[in-house]
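# Provided below for reference: sequence and predicted model.
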Amino acid sequence: MDASAKQRPTMADVAAKAGVSRALVSIIFRGQPGASQETRERVLRVADEIGYHPDNAARLLARGRSRTLGVMFTVHQTFHSDLIAGIYPEAERLGYDVLLSAATQSRDEAKAIEALLGHRCEAVILLGSDAEAAYLDDLGRRTVTVSVSRRVPHAHVDFVHSAEGKGVRQAMDHLVELGHRRILHIDGGRGPGSADRRRAYRAAMRRHGLESEMRVVPGDHTELSGIETGQSLLAERDRGQPLPTAVLAGNDRCAWGLLMSLTRAGVDVPRDMSVVGYDDSHLSHLMPIGLTTVRQDAVLMAEHAVRFAVERLEGGDVAPREAVLDPKLVVRGTSGPAPESQA
């Protein structure tokens, strides 16, 4: 070892320099009574001078607690970053730390979750999990688990999600009121909420008497899905088929990809086609043309998830709970009257 390397200062170093016992230093850092104000200030000043910081994690682990919530997320999902931004302040307010673990193309959810458990996280919050129901049920019986954005009936897990059907109904009513009939839906595949959004789209088309115009295109919650759908629709146009007048995308990322394809091909949004997303992630209003989308309240969802985890940790075993939050349509620049109604 390099002789010039300095060891991390210890509690014993603080005690020696401050001229007090190690036990008294421990009392002061735990915030317990037993030291005069003058001694307390001297010890804290010495600790600051030598760069000593108490190892709270080690102290908690010695008591059998880490007071850490693990969060599994997907790297490229912008809505997950919004959720994480809401998780941190609520966890801190309740006296918990947060540890993140990402799922990627080369690192599946199970590996990301096991890493959190390996770091002694007391509970795991899963953002948009697509794991099998049996895995989630087993995980929920091993440790406190909260699933955000995805509901799995009968699993031993708490759930926080938006009322997907309400959000889609708002979006569809908005488009129909603008005169749209040829409304296409890009499906979200296995993405969280996708099945409910797909069902709600079909129900809305039937309710508005547009069943003959119903069309669901396979996709997922990525920009590439939107880009490929746009390219396919443009190829159909070149073969003489009319473009849909409006598209309800599976989420915001898919909508962004579709907008890229359309604008590159000279399709004017919303004059030639309206586009609606889902999530209202933080980038939705920063684009050159603001995205009309269904807003999920990321902060409120995050707060519910943290509270569910902490209440279960501190209140004992309770039956799985569910928080269903109302979404809200946010109308911006990508939706407008149907081309036929502009004539």
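Yep, it's here. Numbering: from 1, shown residues only.
# rest of the way, CA atoms for contacts and neighbours
Fine.
# Run through this structure and note the low-pLDDT ranges.
Across the chain, the ranges flagged by pLDDT under 70 are 1-6, 30-31, 54-64, 316-317, 341-343.
# State the helix or strand in which Thr145 lies.
Element membership for Thr145 (DSSP states H and E) is strand 144-148.
# One more: Leu100?
Residue-wise, Leu100 maps onto strand 97-103 under DSSP H and E.
# in its sheet, what does that strand sit against?
strand 68-74 (parallel) (DSSP bridges).
# roughly how far is the partner strand from the heart of the chain?
10 Å (C-alpha atoms, centre = their mean, to the nearest Å).
# ok and it relative to strand 144-148, angle-wise?
30 degrees (axes from the mean of the first three to the mean of the last three C-alpha atoms, to 10 degrees).
# which outside residues touch strand 68-74?
80, 91, 96-104, 109, 112-113, 116-117, 120-129 (C-alpha atoms under 8 Å, 6 or more residues apart in numbering).
# ok, 7 Å please
Residues outside strand 68-74 that contact it (C-alpha atoms under 7 Å, 6 or more residues apart in numbering): 80, 96-104, 112-113, 116, 121-127.
# cool, and stretch 223-241?
With C-alpha under 7 Å, 6+ apart, stretch 223-241 has contacts from 219, 243, 253-258, 260-262.
# The stretch 101-250 of the chain: strands as residue ranges?
Under the criterion DSSP state E, counting those that start in this stretch, strands of the stretch 101-250 of the chain are mapped to 123-127, 144-148, 158-162, 183-186, 215-217, 246-248.
# can you list those strands in CSV and add distance to Glu314 and mean neighbour count?
Output for the strands of the stretch 101-250 of the chain, formatted as CSV (distance: least, C-alpha to C-alpha, whole Å; neighbours: other C-alpha atoms under 10 Å):
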stretch, distance to Glu314, mean neighbour count
strand 123-127, 11, 26
strand 144-148, 11, 26
strand 158-162, 15, 25
strand 183-186, 42, 23
strand 215-217, 45, 16
strand 246-248, 42, 27
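# could those strands be laid out in a markdown table, adding distance to Ile50?
Below are the strands of the stretch 101-250 of the chain laid out as a markdown table (distance: least, C-alpha to C-alpha, whole Å):
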| stretch | distance to Ile50 |
| --- | --- |
| strand 123-127 | 35 |
| strand 144-148 | 39 |
| strand 158-162 | 45 |
| strand 183-186 | 59 |
| strand 215-217 | 63 |
| strand 246-248 | 59 |
